[in-house]
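**Student:** What follows is a predicted protein model with its sequence.
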Amino acid sequence: MPKLPAILSRLDAELDASLARLASWIAIPSISTDPAYAADSRRAAQWLRDDLESLGFKASLRETPGQPIVVGHRPKPGAPHVLFYGHYDVQPVDPLTLWESEPFKPVVKEIAPGRKVITGRGACDDKGQVMTFIEALRATLKETGDLPVGITILVEGEEESGSPNLPPFVAANAEELKADVALICDTGMWDRETPAITASLRGLVYQEVTITCADRDLHSGLFGGAAANPIHVLSSIVAALRDETGRITIPGFYDGVEEPTAEQKADWQALGLTEAEFLGGIGLKRSIGEKGRMLIEQIQSRPTCDVNGIWGGYIGEGTKTVIAAKASAKISFRLVGKQDPQKIAAAFQAFVRARLPADVTAEFIAHGASPAIAVPVDSLALLKAQAALTEEWGRKAVTIGSGGSIPVAGDFKRTLGMDTLLVGFGLDDDRLHSPNEKYDLSSFHKGQRSWARILQALGA
């Protein structure tokens with residue numbers, strides 16, 4: 001990579017210019033959830049299209065029933081090809097009174113000695129993150145006249161409103177969008193000094209169950225002690241889902257759950273995540289996850305079962321002495337590895353039915369089922385990106401899992417058949433979706449340098 005030092009030097013020298021470009025994009029109020037900002041959202045898409053065209057990309061706005069999707073192509077025959085995804089839409093700014101400066105008039109300021117940030121809605125999520133990648137491309141092209149890999153850029157305008165039009169667009173344009181690997185810059189670092197690659201995302205099974213006993217609510221004085229109480233039945237089933245060690249007791253639940261490698265465990269152990277650090281800020285002290293598992297395993301690489309809501313009977317003011325006819329709960333499972341969502345859903349329903357007393361029935365409503373996705377630990381793209389990040393930050397880049405779901409990565413896997421590297425430079429205190437959103441200049445600057453290194457590594 002003989003020209004990498006020159007590319008990095010250019011990124012250093014042109015930081016102010018790149019900040020000015022970012023500020024001009026942040027200034028466009030591309031709020032996708034509010035129809036009043038539809039024209040502004042289109043203007044933000046046009047801004048990006050024009051910038052990509054200035055870099056030699058064949059770029060266009062692709063219409064959808066909602067906001068347009070920006071697509072740009074710069075192929076390089078014979079070289080690896082990557083697909084970069086981001087989004088240009090932003091969250092609403094309410095409550096406006098809590099902002100220290102106007103959300104669409106970005107400001108660069110110092111928030112601590114030697115720590116500068118740029119503020120504004122979208123500064124981090126996701127305009128600032130997208131621009132780290134674009135600026136790396138710009139500097140590379142200025143220094144070398146070419147890029148080390150072929151690139152397709154896909155930036156949508158409805159991520160903050162659920163991406164309703166992205167999956168059908170990806171499916172309809174699968175041949176055009178296929179690449180060797182997808183890159184997403186919409187995640188975060190482990191901390192301000194430690195870069196991270198999110199290499200796995202947990203899947204989800206969400207079930208609603210309703211237990212029915214009698215054909216109507218009953219007078220508890222007349223029927224209590226004899227009639228089955230659905231709240232009792234449901235409560236006992238919910239309580240039986242986990243044992244005293246925190247393990248989930250559904251038969252076959254752990255089929256397909258894979259153990260992390262010794263190297264992964266060592267890396268996670270070195271991060272030193274503690275219960276006090278993770279739970280202290282929400283008023284808790286002790287983890288209730290599986291005994292014998294590190295806290296970081298519990299939240300990113302192990303499956304979970306959580307009751308998200310439970311109801312039944314009388315909950316109004318005062319008293320009403322009834323035995324309810326029905327009781328319901330919403331229960332979600334986060335999946336990892338090769339757990340099969342359909343098998344988990346079926347096993348949960350069988351678990352419930354096996355515990356029903358005589359005369360009691362259960363009905364189920366499915367609210368979603370998606371598998372976990374993970375990049376293989378020996379993926380060449382992952383190893384190259386990890387090495388490039390480590391070189392830039394001077395600290396080993398960790399590969400972590402996300403306890404949540406990022407649907408587009410699943411779409412890329414299922415529809416395009418490719419893995420996704422989620423490399424982001426956001427921080428926990430960037431106030432995403434909240435007033436006073438910001439992006440550290442260190443994240444913006446070193447994010448650019450990181451992408452320059454990653455692109456060179458992927459093309460090597």
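**Tutor:** Perfect, I can see it now.
**Student:** other SSEs contacting the helix or strand that Ala362 is a member of?
**Tutor:** With the criterion set as DSSP states H and E, the secondary-structure element containing Ala362 is strand 361-370. Counting by 3 or more Cβ pairs under 8 Å, 6 or more residues apart in numbering; DSSP states H and E, the packing neighbours recorded for strand 361-370 are strand 203-212, helix 341-353. From N, CA and C alone the C-beta is placed, and that goes for glycine too.
**Student:** got the contact list for Leu218?
**Tutor:** Contact partners of Leu218, counting by Cβ atoms under 8 Å, 6 or more residues apart in numbering, are 227, 322-323, 325.
**Student:** now do 6 Å
**Tutor:** The neighbourhood of Leu218, defined by Cβ atoms under 6 Å, 6 or more residues apart in numbering, consists of 227, 323.
**Student:** now the angle from the strand holding Ala362 to helix 341-353?
**Tutor:** Computed by axes from the mean of the first three to the mean of the last three Cα atoms, to 10 degrees, the angle separating strand 361-370 from helix 341-353 equals 160 degrees.
**Student:** between the helices and strands packed on strand 361-370, which one is nearest to His219?
**Tutor:** His219 sits nearest to strand 203-212 of all the helices and strands packed on strand 361-370, at 18.0 Å, using Cβ to Cβ.
**Student:** The strand holding Ala362 pairs with which strands, parallel or anti?
**Tutor:** For strand 361-370, the paired strands and their directions (DSSP bridges) read strand 203-212 (antiparallel).
**Student:** just the CA coordinates of the strand it pairs with, formatted as PDB?
**Tutor:** Taking Å, rounded to 0.1, in the frame of the first residue of the first chain, the C-alpha atoms of strand 203-212 are listed here in PDB:
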ATOM      1  CA  GLY A 203     -32.300 -13.000  15.500                       C
ATOM      2  CA  LEU A 204     -35.800 -12.700  17.000                       C
ATOM      3  CA  VAL A 205     -38.900 -14.800  17.600                       C
ATOM      4  CA  TYR A 206     -41.900 -12.800  19.000                       C
ATOM      5  CA  GLN A 207     -45.000 -14.700  20.200                       C
ATOM      6  CA  GLU A 208     -48.200 -13.600  21.800                       C
ATOM      7  CA  VAL A 209     -50.100 -16.300  23.900                       C
ATOM      8  CA  THR A 210     -53.600 -16.200  25.300                       C
ATOM      9  CA  ILE A 211     -54.700 -18.700  27.900                       C
ATOM     10  CA  THR A 212     -58.500 -19.300  28.100                       C
END
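**Student:** What are the contacting residues of it?
**Tutor:** By Cβ under 6 Å, 6+ apart, the surrounding residues in contact with strand 203-212 are 230, 233-234, 326-333, 335, 341, 344-345, 348, 352, 361-365, 367-372, 405.
**Student:** can you do 7 Å?
**Tutor:** With contacts defined as Cβ atoms under 7 Å, 6 or more residues apart in numbering, strand 203-212 is touched by 230, 233-234, 325-335, 339, 341, 344-345, 348, 352, 360-372, 405.
**Student:** Out of those residues, which end up buried?
**Tutor:** Buried residues within the contacts of strand 203-212, defined by neighbour count using 16 or more other Cβ atoms under 10 Å: 230, 233-234, 325-335, 339, 341, 344-345, 348, 352, 360, 362, 369-372, 405.
**Student:** so what's Gly337 up against?
**Tutor:** With contact taken as Cβ under 7 Å, 6+ apart, Gly337 is in contact with 256-258, 372.
**Student:** Just the buried subset of those, written out for ChimeraX, thanks.
**Tutor:** Paste this into ChimeraX to select the buried members of those, with burial taken from 16+ other Cβ under 10 Å:
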select :256,372
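**Student:** With secondary structure added, can I get the contacts of Gly337 in a markdown table?
**Tutor:** As requested, those are exported to a markdown table (DSSP: H, G, I helix; E, B strand; the rest coil):
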| residue | secondary structure |
| --- | --- |
| Gly256 | coil |
| Val257 | coil |
| Glu258 | coil |
| Ala372 | coil |
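**Student:** how about the strands of the stretch 201-350 of the chain, start to end?
**Tutor:** For the stretch 201-350 of the chain, the strands identified by DSSP state E, counting those that start in this stretch occupy 203-212, 218-219, 304-312, 322-323, 326-335, in order along the chain.
**Student:** thinking again about what came up before, which of the helices and strands packed on strand 361-370 is buried the deepest?
**Tutor:** Each of these was scored by mean neighbour count; the highest is strand 203-212, a mean of 21, by mean count of other Cβ atoms under 10 Å.
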